[in-house]
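A.B. asks: 3D, please:
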Amino acid sequence: MSGAREVLLAQIKLAWWRERLAEEPAARPKGQPLLAALAGWHGSSAPLQALVDGWEAMLDPDEPNPAALAEARAALGRGLAQQAGRGEAAETAGAALSGWSLAAMGAGQAMPTLSLPRELRALAVLHGLARRRGGQIPLLDGPLALAAAMRIGMIGR
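C.D. replies: Numbering: from 1, shown residues only. Down below sits the predicted model:
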């Protein structure tokens, strides 16, 4: 019974986030650091809302849906590319976050090498670490992983 209760609490929290993200930034409650950080998000909040939906898809204790979360993270990647003014890299950014998401949940597969612009280098690091581990977890598995993250962060691959 406590599992059902925890799911209900998580759904309530996700509903709160869904409502806040639908509001104009000026109307959002003050004092919440993540909402303050998202105040600079311009344009549609659909990628952010998709992430909330993706996490909700993971709440079913019998059948969590990692593919739905991966697609939600891909939507976020596309949104981040738009935010960075790099719309031409939106699909690549989405693929980077989708692959990382699946790998982080242990559902990884062979991943291609991706090239992302400097503004999206953080996504390249996540993707590169997941690719390096062949879709296996943990992604940060020691000093060599740190070196790989630094290399990808500096040169993009």
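
A.B. asks: could you use CA atoms for every contact and neighbour count after this?
C.D. replies: Noted.

A.B. asks: which one is residue 55 nearest to, not counting chain neighbours?
C.D. replies: residue 69 (6.0 Å; Cα to Cα, 6 or more residues apart in numbering).

A.B. asks: please identify the helix or strand for that neighbour.
C.D. replies: helix 66-83 (DSSP states H and E).

A.B. asks: what is that helix packed up against?
C.D. replies: helix 46-57, helix 90-104 (3 or more Cα pairs under 8 Å, 6 or more residues apart in numbering; DSSP states H and E).

A.B. asks: mean confidence (pLDDT) on the next helix or strand after the last one, please.
C.D. replies: This means helix 90-104. Where DSSP H and E defines the elements, the next helix or strand beyond helix 90-104 is helix 121-132. Averaged over helix 121-132, pLDDT sits at 91.

A.B. asks: now helix 121-132: buried residues?
C.D. replies: 121-132 (16 or more other Cα atoms under 10 Å).

A.B. asks: for residue 151, give me its contacts.
C.D. replies: Remark: with contacts taken as Cα atoms under 8 Å, 6 or more residues apart in numbering, residue 151 is in contact with residue 157.

A.B. asks: one more time with 6 Å, if that's ok
C.D. replies: Applying Cα atoms under 6 Å, 6 or more residues apart in numbering to residue 151 gives no contacts.

A.B. asks: again, but for the one 4 residues further on
C.D. replies: Taking Cα under 6 Å, 6+ apart, we find residue 155 in contact with no residue.
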